[in-house]
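**Student:** need coordinates for the below:
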Amino acid sequence: MKKVVLDTNVVISALLFGGETVRLVSLWQTGAFSWLASAAIIQEYARVLAYPKFKLTEAEIRELLNEDILPFVTAVRVGKVPRVIRQDPSDDEFLACALTGKADAIVSGDHHLLELKRYREIPILDVRTFLSNLKG
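**Tutor:** Here you go, the predicted model:
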């Protein structure tokens, strides 16, 4: 089974919007891949879900976290976070999680991460590429 770190933009898009990313929800729910996340990443998911532009109530955010995210995440305890992406240091948390959890991929829509193409030996993929790799 593939071990994957999902960037915040991918998770939010999968849970709140239509399009190709929504396919990820059924895939993580059925165990088509193992979803890795650290405590800091889970906190970021919660923080972004609370953005006013999404107009979610606290109860809705709690429900998304407790029913659609947390039951499907494999927790990764991250030690030291490398300093790699100077333009957006919060992205470094995804790299650290992937490295510590021995991920097979990072899936992101963030150009800072995608421009790296890979971190150490871990490929950084957009959703479309990840979905097509998962099929094959």
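
**Student:** thought residue 77 was touching residue 100?
**Tutor:** Yes. Counting by Cβ atoms under 8 Å, residue 100 is a contact partner of residue 77 at 7.2 Å. For the C-beta atoms, the positions are set from N, CA and C on the backbone; glycine is no exception.

**Student:** more crowded one of the two?
**Tutor:** A count of neighbours by other Cβ atoms under 10 Å puts residue 100 above the other of residue 77 and residue 100, at 17 against 9.

**Student:** quick one: residues contacting the more buried one.
**Tutor:** Residues in contact with residue 100, defined by Cβ atoms under 8 Å, 6 or more residues apart in numbering, are 38, 76-79.

**Student:** whichever strand or helix holds residue 113: how far from the chain's middle?
**Tutor:** Here residue 113 sits within helix 111-116, counting by DSSP states H and E. Relative to the centre of its chain, helix 111-116 is centred 14 Å away, using Cα atoms, centre = their mean, to the nearest Å.

**Student:** for stretch 82-101, same thing?
**Tutor:** For stretch 82-101, the distance to the chain centre is 12 Å (Cα atoms, centre = their mean).

**Student:** who touches both of residue 77 and residue 100?
**Tutor:** Common neighbours of residue 77 and residue 100, counting by Cβ under 8 Å, 6+ apart, are residue 38.

**Student:** what's the spacing between stretch 26-35 and its chain's center?
**Tutor:** Here stretch 26-35 is found 12 Å from its chain centre; the criterion is Cα atoms, centre = their mean.

**Student:** ok, and what's touching that stretch?
**Tutor:** The contact list for stretch 26-35 (Cβ under 8 Å, 6+ apart) reads 1-6, 72-74, 134.

**Student:** list the contacts for the closest residue in space to residue 9 that isn't next to it in sequence?
**Tutor:** Excluding its sequence neighbours, the residue lying closest to residue 9 (Cβ to Cβ, 6 or more residues apart in numbering) is residue 109, at 4.5 Å. Applying Cβ under 8 Å, 6+ apart, we find residue 109 in contact with 7, 9-10, 13, 126-127.
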